[in-house]
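Enquirer: Generate a structure from the sequence data that follows.
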Amino acid sequence: MAYLSPASKRAIANLRAYSSPPTNWYKCPLTRRAAVLILLFADRGGDLRVVLTIRSAGLKSYAGQAALPGGKADSLNENPFTVARREAFEEIGLPMSDHRLPPGYSVEHLTELPSNLAMTELGVRPCVAFLRGPAPSERNRDPDTARDILPRLDAREVAAVFTAPFFNFLRDKDLDPGTRTSVPGEWYKGSWHSWHESAWRMHQFFVPVSPSTVFLANYQGASGPPPEASTDITSSKTPAVKSNGASAKSSSSLQPPLPRSFYSMAGDALAQPRYRVFGMTARIMVDCARVAYGEEPEYEHNSHFGDEEMMERLLKIGRLAPIKKDGEWLSRDIMMKAAKAKM
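Expert: Residues are numbered from 1 along each chain as shown. As a prediction, this is how the structure comes out:
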């Protein structure tokens, strides 16, 4: 097996041992079930990196935004990992079975995290997996997971696949001092925003990229242009109801709700020295890193994991129905009604 640093070994062990609390994902109708794959692998130094994507510029929604591979369930028989692996295969070409990976590579399903509630009122279940690489051999003297796996992916539903340092999602600056000085921009920006009289922390991470960490989609051999894929589930989300620390208690520290323009991408997303990861994708990465490394972030954040309580309350008042009506949205009145629902 490829080398893992002591910190990476502990992180994988912590994720493997993590038992997620009961989920409301299975209580949701089929049309409200979705899952994403958090695919981790070790770089040459033994540190963990995570695979992310940039959505195609030709898609109808959230074009050019960063997201985890994922999508909606196809049947009630699919569990979250089945959904996540199928979507990862469809979006980035990750084989469904180990025997279709290059020799020495395998995928271990580690754990599932509490479900999140997407802006589109989907219950999104994060599934964590470890892409194990081989040790050096006569056949592959210099194994490099990013080089050996990602360039072979047929990412027809995304513009690019890129990787980010996993542990860095707990820090407010680039871990590598050289990156801080050589790559324009900063790693982290965050702020508290009001949402129906609650506080939600908007995380923005700006991942530095290079030719060795970004792999552009190859459409050669594809029949026609990139497909207009399924509804995005990770780039934007409804804010969490609970919050932590004194920052959430003082309304004077809260900024207004984010404008729609915040979610749009100006210019060519692939031409930037850093790729922006924000919204639900960013929050999922933060929560996963908290579990893996047993540490809290350097910056302020919503302290609870996922939105299981919010989902349960909404289900109790008849929300998250199989069919969404035109103009239906989670208004202040709906959230106040859900808050009063008996648990």
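
Enquirer: how much space between residue 72 and residue 214?
Expert: From residue 72 across to residue 214, the span is 27 Å (CB to CB, to the nearest Å). Heads up, the C-betas are built off the backbone N, CA and C, glycines and all.

Enquirer: quick one, helices of this protein?
Expert: Assigned by DSSP state H, the helices in the chain fall at 6-17, 80-92, 145-149, 177-182, 279-293, 308-316, 332-339.

Enquirer: Adding mean neighbour count, write these out as JSON lines.
Expert: Formatted as JSON lines, these follow (neighbours: other CB atoms under 10 Å):
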{"stretch": "helix 6-17", "mean neighbour count": "16"}
{"stretch": "helix 80-92", "mean neighbour count": "23"}
{"stretch": "helix 145-149", "mean neighbour count": "20"}
{"stretch": "helix 177-182", "mean neighbour count": "11"}
{"stretch": "helix 279-293", "mean neighbour count": "24"}
{"stretch": "helix 308-316", "mean neighbour count": "20"}
{"stretch": "helix 332-339", "mean neighbour count": "15"}
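
Enquirer: possible to save those helices as CSV with mean pLDDT and distance to residue 326?
Expert: Formatted as CSV, the helices of the chain follow (pLDDT from 0 to 100; distance: least, CB to CB, whole Å):
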stretch, mean pLDDT, distance to residue 326
helix 6-17, 98, 41
helix 80-92, 94, 27
helix 145-149, 83, 42
helix 177-182, 95, 46
helix 279-293, 97, 23
helix 308-316, 94, 19
helix 332-339, 84, 16
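
Enquirer: For residue 65, find the nearest of the ones you listed.
Expert: Closest to residue 65 of these, according to CB to CB: helix 279-293, at 8.1 Å.

Enquirer: Dump that closest one to CSV, restricted to CA.
Expert: This file holds the C-alpha atoms of helix 279-293, laid out as CSV (Å, rounded to 0.1, in the frame of the first residue of the first chain):
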residue,chain,number,x,y,z
GLY,A,279,-21.7,26.5,0.3
MET,A,280,-22.8,22.9,1.2
THR,A,281,-19.6,21.5,-0.4
ALA,A,282,-17.4,23.6,1.9
ARG,A,283,-19.5,22.7,5.0
ILE,A,284,-19.3,19.0,4.2
MET,A,285,-15.5,19.2,3.9
VAL,A,286,-15.2,21.0,7.2
ASP,A,287,-17.4,18.4,9.0
CYS,A,288,-15.5,15.5,7.4
ALA,A,289,-12.1,16.9,8.4
ARG,A,290,-13.4,17.5,12.0
VAL,A,291,-14.3,13.8,12.3
ALA,A,292,-11.1,12.6,10.6
TYR,A,293,-8.6,14.7,12.6
